[in-house]
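> take a look and give me a structure for this.
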Amino acid sequence: MKLLLTRQPVEMPALRAWREKALNFLLQAILLFSGPPLLLDIVIGVQHGNIAKISADITYYVALTCFLLVKRIPFLLRATAILILGLGFHTYILMTGGLVSAGRLGILTDVIMAALLLGRLAAIVVWIAGGIAIAVGLIFFARQPVDVLADITSGLVKPSTLIAQGLFTVGLSGFLGGLVLWIFMRLNQSLHTTDQALAERDRTNTTLEQRVADRTTQLEQALDGLSRQLRYAEVLGHCSQLLLQQRGDATSRPALIETILHLLHSSVSASHLLIYRRNEHPMLAEPYVILGCAHAPQHHELILPTFAQIADMPDDIRQSLDAGQSFAGPVPGRFPDHPEFQQLFDQNGIQSVLLLPILLDGKPWGLLQATDCDRQRQWDSSSIQLLRTAAEMLATAQEGWAATQALAIREAQLRALRDALPDLLFIVHTDSTILDYHAPPHIQLILPPATFLGRPFTSLMPDVISSQAQFAIQRVTLTGEMETFEYSLWIDQQQQTYEARVVHIVGDTCMVVIRDITAQHEAATALLRAKEAAEAADHAKSTFLAHISHEIRTPLTAIIGMASLLRESPLSPSQREMATIIHTGSETLLGLIGDILDVSKIEAGQLDLILRPFDLSAVCRVAVNLMSHTAVQKNLLLNLQIDPQLPALLIGDSGRLRQVLVNLLSNAVKFTDHGRIDVIIEGSLLDTESCEVQITVRDTGVGIDTHQLSQIFKPFVQVNRRDHQVGGTGLGLTISKQLIDLMGGRLAVSSTLGEGTTFRLTLLLGIAVAESDQATVPQIAAQRTPQVLIVEDNT
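This next block holds a predicted model:
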C-alpha cells in the first residue's frame, strides 16, 4: 500500500524510449499469440451465425494491427487507446461467456500492460476498471435467459470450445513468458551497458586524476607566485577598459561602478565591497556619500552605518584614515568601549574588515570598505594594493566625469548665451588681429569673413574708430576690466550707432562685442521728446483744471441755489417736481465734476492734504448722519461703534477722510437691500505721538464675485453686483483708494457673494494735544445747522 501511495517519480527520457519499444513488442506478441484463438472463435461464430461475436473479433484484431503499423500516433495516445480497446473487448467476452471465458485473463493482461507502459497510476486505474468490467460482465451474463445459459454451458464441453480455450491459454502463457523473457533480456543488457560505462568512467577518472596530479605538481610552484599578480593585473586592466569605454552617460555610471566592484570583491574573496566619497557639503550630517556597493551572492546586502555608528568610531582609526593609512583585521568583540561602532559589524555578521582611505593629489577623497563575513583574516598586501589602485582609478574617473559634465554644461550654457545674444562677436589678438567671429542669422556682414579673418581689426574701420578700439584693447589687457565705447557708421546712406564692449579672455586674446544701438538711440530721443511734450501737456492740463474748476462749479452752484429757492416758493405740483429734478440733477452733476477734478488733481500730484487736529468720532458721526436718511428709507440698521480708548484729537485731513467714509457708506447703502451696515472705529496706540486707526465698513448686501475684487479700485469700473444697476462714474472707490494712499494708509476689501462686503481702512495718524478750543469746535460744528450766504454780482 505504501508503494502505491508514494508519489510517482518524473519519467526519464530513457524510460520513455524503453516503454515505446515495449509497446511495439507487446503489440507484435498480442497479434502473434491471439491470432489463432481469434481465428477459431470467428469460425465458431460463423457456424452458429453469431454476427456480433465475429464483428468484435475482427474489429479488435484490425485495430491492434493499425496501432502497430501507424507509429506516428503519440505514444501516450496509442497506449491509452490500446488499453481502452482491450478492456472493452475483454468485457464483451465476459458478458457473453462468463468467468469460464478468456475475458478474465484478458483483463489481467490489460493490467500488466498498463503497469509496463504507463506506470503505477495507470495500472491502478486499469485494475479498478477491470474489476468493474468483470462485475458488469457477470451481471449481464447472469441475466441472460435460461436456455441461453444452458447452451453456453453445454458448449463448454464441445471440442471446438475446448480447442479455443486451449489455444488462448497457450497463447497467453506464451505472451506472458515472452514478455518476462524480453524484460529480463533488456534489463540484463542495460546492466551490462551500465557496468561497461562505469568501468570506463573509473579508468578515465583514474587517468585524468593522475594527469592532473602530475600537472599540478609541475606547475604549483611556478604559478603560486604569478597567478595572483596576473589575476589582479587582469582585473585592473578590465576595470581600466571599462572606465575608458565610458562615454559620459551619467545614467550608466552607477551600474559601471557596481560592475567594477563585483570584479574586485570576487578577486579578493570579499563578502562586501563599498566605495564612499567625502561629502562635498560640510553642513550635512553624513560625512560620506555612497557611490556604489557589491556583495557576494551568498550574502545579503550590507546594512549601511548610521550617523551614530560613524560618530562612535575610535579616534585612532579616524586619525589613521585622515592620515591616509588603512585599517584592517578581525573585528568581533574588538571595540567593547565603542558599542555603536561595534554594532555596525555585529549586525552584518562581519568577521574581518578593511577600511582603505582614497587620496587624490594627496588630499582625502573617499573611503573603500571591504568585509569578510566567512572567516577572520588578515588582508594581504597584494589585495590591499589591488583595491587601493582600483579605488584611485574610480576616484579619478569620477572626478573626470564630474569635470566633463560641468564642462559640457558650461559649454552648452555659453553656446545658448551666444546664440541668444543679438550681438556680433569677434575674438581678437591684443595686436587687434581678428581670430574668430560669430554673427547672428539676422545680421548681414558688411564684408565676407574671408576678407577680415586674420587681418587687424583697425585696418577695417575708419581711423577714429580704429584708435578707439586699439585704446580699449590696450586698456583691457592692462587692467583686465571691461572697456566700452560707441561709434557711428554710415551704411546705405543711413547713420547707424553701435556700442562696442571689449573684455579680456585669456592670455593675448580679447573678445569684442558689437551691438547695434541705433534703435535705442532713436527711442531715447523720441522718449525725451515725448517726456517734454507730456510734461508740457500735463502742465497745461493742470493750469486748465485750476482755472476751469471755478468756472464750472460757480454756475452749477448758482443753479443748485436757485433751484432750492424755487422749490421753497409757491409752485404747482408739476412745477415743484421740475424744480426738484433741476436741483437733483445739478447736485449729481456737481458731484460728478468734483470726482473727475479730484482724480485729475491726484494724478497730476496737485492734491495737497490739509493736516490739522480733528475729532475722528465727530467726523465718523457726520458721515453716518449724512447716509442715515437713505438707510432708514431702505429699512437698514446703520450701526456706529467707536473704540472708547480712541484719542480725542488726531492729526490728519478730516475733510478727505470724511469724503472716503461717505463714499464707502454710499456704496454699502446702494448695494444692501436688507440687514445692516456696521461702521467700527478702532484705535491702537503705538506710542505717545502716534496711533494706528482701523475703520471697518461691513454690510450684508449682495457681495462681489471673487474674480471682480481685483477690478474694484480701477477708475470708471463698476463691478456687476447681480441685478443692481446704479448710476455713477465708478470713481468713488478709485478716489478713496488714492486718497488713503496719499495719507500713507491701506484700503482693503473682502467679500462673499450673497453675504456682504467689508472695506477695511487702516491709517497711521499723529496724536494732537487736547486744547479746549480745539476739542469743542468740531463737535459744535457737527451739531449746528449750517447757514449759507449767497452773494451775487450781476454787473
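
> okay, the residue nearest the centre of the chain: pLDDT?
Nearest to the geometric centre of the chain sits residue 251, at 16.4 Å (C-alpha atoms, centre = their mean). With respect to pLDDT, residue 251 scores 76.

> one more: residue 736?
pLDDT, read off for residue 736, is 85.

> now do the one 10 residues further on
In the prediction, the pLDDT value recorded for residue 746 is 92.

> stretch 419-430 - what's its average pLDDT?
Per-residue scores along stretch 419-430 average to 80.

> now it, how far from the chain's geometric center?
41 Å (C-alpha atoms, centre = their mean, to the nearest Å).

> tell me where the stretch 351-500 of the chain has helices.
381-420, 449-452, 463-479 (DSSP state H, counting those that start in this stretch).

> out of the ones you listed, which gets nearest to residue 712?
For residue 712, the closest of those is helix 381-420, at 40.9 Å, according to C-beta to C-beta. Quick note: C-beta positions are derived from backbone N, CA and C, even for glycine.

> which of the residues in that closest one are buried?
For helix 381-420, burial by neighbour count (16 or more other C-beta atoms under 10 Å) applies to 383-384, 386-388, 390-395, 397-398, 401.

> helices or strands up against that helix?
helix 159-245, helix 253-267, strand 272-278, strand 352-360, strand 363-372 (3 or more C-beta pairs under 8 Å, 6 or more residues apart in numbering; DSSP states H and E).

> let's go with 6 Å and repeat that
helix 159-245, strand 352-360, strand 363-372 (3 or more C-beta pairs under 6 Å, 6 or more residues apart in numbering; DSSP states H and E).

> give me the pLDDT value at residue 785.
Residue 785 is assigned 43 on the pLDDT scale.

> so how far is residue 763 from residue 694?
8 Å (C-beta to C-beta, to the nearest Å).

> of those two, which one has the most company?
Using other C-beta atoms under 10 Å, the more surrounded residue of residue 694 and residue 763 is residue 763, with 21 against 16.

> now that one: how far from residue 657?
8 Å.

> of all the helices of the stretch 351-500 of the chain, which lies closest to residue 29?
Nearest to residue 29, of all the helices of the stretch 351-500 of the chain, is helix 381-420, at 71.1 Å by C-beta to C-beta.

> tell me the angle the closest one makes with helix 253-267.
Interaxial angle, helix 381-420 versus helix 253-267 (axes from the mean of the first three to the mean of the last three C-alpha atoms, to 10 degrees): 170 degrees.

> what angle do helix 381-420 and strand 272-278 make?
50 degrees.

> could the helices of the stretch 351-500 of the chain go into JSON lines alongside distance to residue 37?
Formatted as JSON lines, those follow (distance: least, C-beta to C-beta, whole Å):
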{"stretch": "helix 381-420", "distance to residue 37": "84"}
{"stretch": "helix 449-452", "distance to residue 37": "112"}
{"stretch": "helix 463-479", "distance to residue 37": "123"}
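
> lowest average pLDDT across those?
For the helices of the stretch 351-500 of the chain, where the average pLDDT is lowest is helix 449-452, sitting at a mean of 69.

> for residue 55, give its distance to residue 87.
18 Å.

> which of those two has more neighbours?
For residue 55 versus residue 87, neighbours defined as other C-beta under 10 Å are more numerous around residue 87 (20 against 12).

> shouldn't the more buried one be within a helix?
Yes. Counting by DSSP: H, G, I helix; E, B strand; the rest coil, residue 87 is found in a helix.

> give the contact list for it.
110, 129, 133 (C-beta atoms under 6 Å, 6 or more residues apart in numbering).

> same check on residue 466?
Residue 466 makes contact with residue 458 under the criterion C-beta under 6 Å, 6+ apart.
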